[in-house]
Each structure stands twice: as structure tokens, then as C-alpha cells.
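[1] fold the following for me, if possible:
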Amino acid sequence: MNFVQPICDPECIFYIKRFLKKQNMKNYMLFVTSINSGLRISDILQLRVRDAKRPYFNLIEKKTKKKKRIDMTPENKKDV
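    Coordinates of the predicted model:
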């Protein structure tokens, strides 16, 4: 099994965000949402534009089938 290390360097995160914002807004939003919420990509892909109209979103985790409420961070609100 391969192990993945998290990106912990704030400067590295800044450069990734800047690159993604220039290239593709969809991928940028996926990245920002994932690092701010800690959700798996399979859970993030379930989200729709209508979910961003509230200050939080509810979802059912795909892996565990648990209901989860995620509050949007100020950064997510600003980007949306």
C-alpha cells in the first residue's frame, strides 16, 4: 500500500492555489474545498452549486454512509 504525505507548507499551498486559479476554476474550487473541509474527493464531487448558497452544506459520506454538516470557511465563501 502506498502512503501519501499531506501538503503542510503554507507557501506550497499558496503556489498550488495560484496555479489552479489561473488554469481552471473548477479544479481550484475542488482543491480549496478539500483542504478547508478535510472531505474525501468522492464526497466533494457530490456537491452542487445550490449547496454553496447556504453557509453550510449537508452530505452523506460515501465511504461511511454517515450524515455530515460542513460549515463553509470564510475562504470558501469568498471564492464562491
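[2] chain center to stretch 45-63: distance?
    10 Å (C-alpha atoms, centre = their mean, to the nearest Å).
[3] contacts for that stretch?
    30, 33, 39-40, 42-43, 66-72, 76-77, 80 (C-beta atoms under 8 Å, 6 or more residues apart in numbering). Heads up, the C-betas are built off the backbone N, CA and C, glycines and all.
[4] now do the contacts for the residue nearest the centre of the chain.
    When C-alpha atoms, centre = their mean is applied to the chain, the residue found nearest the centroid is residue 33 (1.7 Å). Residues in contact with residue 33 (C-beta under 8 Å, 6+ apart) are 39, 44, 47, 76.
[5] who wins for most neighbours among those?
    Tallying neighbours with other C-beta atoms under 10 Å puts residue 39 at the head of those, with 20 neighbours.
[6] correct me if wrong, but that one is in a helix.
    No: assessed with DSSP: H, G, I helix; E, B strand; the rest coil, residue 39 is coil; it does not lie in a helix.
[7] what separates it from residue 32, distance-wise?
    Separation of residue 39 from residue 32 (C-beta to C-beta, to the nearest Å): 12 Å.
[8] what of residue 61?
    From residue 61 to residue 32 the distance is 20 Å (C-beta to C-beta).
[9] which of the two has more residues huddled nearby?
    Taking other C-beta under 10 Å, residue 61 and residue 32 do not tie; residue 32 has more neighbours (21 against 14).
[10] so what does that one look like in phi/psi?
    Backbone torsions of residue 32, given as degrees, to the nearest 10, read phi -60, psi -40.
[11] mind listing what it touches?
    17, 75, 76, 79.
[12] same check, this time on residue 42
    Residue 42 makes contact with 62, 63, according to C-beta under 8 Å, 6+ apart.
[13] one more time with 6 Å
    By C-beta atoms under 6 Å, 6 or more residues apart in numbering, the contact list for residue 42 reads residue 62.
[14] show me where pLDDT drops low in this structure?
    Counting by pLDDT under 70, the chain has low-confidence residues at 80.
[15] where exactly do the helices run in it?
    Here the chain has its helices, by DSSP state H, at 10-23, 25-37, 41-44, 74-79.
[16] which of those sits most buried?
    helix 25-37 (a mean of 16; mean count of other C-beta atoms under 10 Å).
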